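Colleague: the sequence and its predicted three-dimensional model are supplied below.
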Amino acid sequence: MRGLIHILFLSFFISTTGHLSAQTENTWKTLSKITYKKQMDEILGFKIDVPVFSEPIKALEGKEVSLKGYIIPVEGYKSHTEFIFSAYPYNMCFFCGGAGPETVMEVKATEPVKYVADQITLKGRLVLNPDDINRLMYILEDASLVK
């Protein structure tokens, strides 16, 4: 009986840990399902690409998500509570020309997150930005480091 309880507990632990890992991998994949439309920007005086979020992306809006990724050191961000987070390391990220804008997001963390070059996992509430061209289209608010 005791052995059965241990097996059940272990299988539950493995299945929930695997679920978190699958969720973090699938979130970036879901966020990549985006298209763009050209729209005239009256202030700039020319057409810009505006994101068109798919239904799976819209379903994540306002929800808590977990993502594995990399902190991108970008000048101009106020502290380690506001930074850019990327699905890819710095040398492959959107800002270096290797990936699209759907692979990065702004992060607003509840507590400072120390910069590391290694992959980390964050969780927070996903906010979509379809309008403000001065910001990224994905924002992770109330974010925290998953240990």
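Modeller: Looks like it arrived, so ask away.
Colleague: ok but residue 26 is inside a helix, no?
Modeller: Yes. Using DSSP: H, G, I helix; E, B strand; the rest coil, the secondary structure at residue 26 is a helix.
Colleague: for it, give its distance to residue 40.
Modeller: Computed with CB to CB, to the nearest Å, the distance linking residue 26 and residue 40 is 35 Å. Backbone N, C-alpha and C define where each C-beta goes, glycine included.
Colleague: what is the burial count for residue 53?
Modeller: Applying the criterion other CB atoms under 10 Å, we find 20 residues in the vicinity of residue 53.
Colleague: excluding covalently adjacent residues, which one is nearest to it?
Modeller: Taking CB to CB, 6 or more residues apart in numbering as the measure, residue 53 lies nearest to residue 128, with 5.7 Å between them; neighbours along the chain are not counted.
Colleague: what's near enough to touch that neighbour?
Modeller: In this structure, residue 128 makes contact with 51, 53, 57, 58, 61, 137, 138, 139, judged by CB atoms under 8 Å, 6 or more residues apart in numbering.
Colleague: repeat that for residue 145.
Modeller: Contacts for residue 145 (CB under 8 Å, 6+ apart) come out as 109, 111, 113, 120, 121, 122.
Colleague: how about the fifth one, phi and psi?
Modeller: What that stands for is residue 121. The main-chain torsion angles of residue 121 are listed as degrees, to the nearest 10 and equal phi -120, psi 130.
Colleague: all helices for the protein, in order.
Modeller: Listed from the start of the chain, the chain has helices (DSSP state H) covering 2-31, 55-60.
Colleague: which of those helices has the lowest average pLDDT?
Modeller: Within the helices of the chain, the least confident segment by mean pLDDT turns out to be helix 2-31, at a mean of 51.
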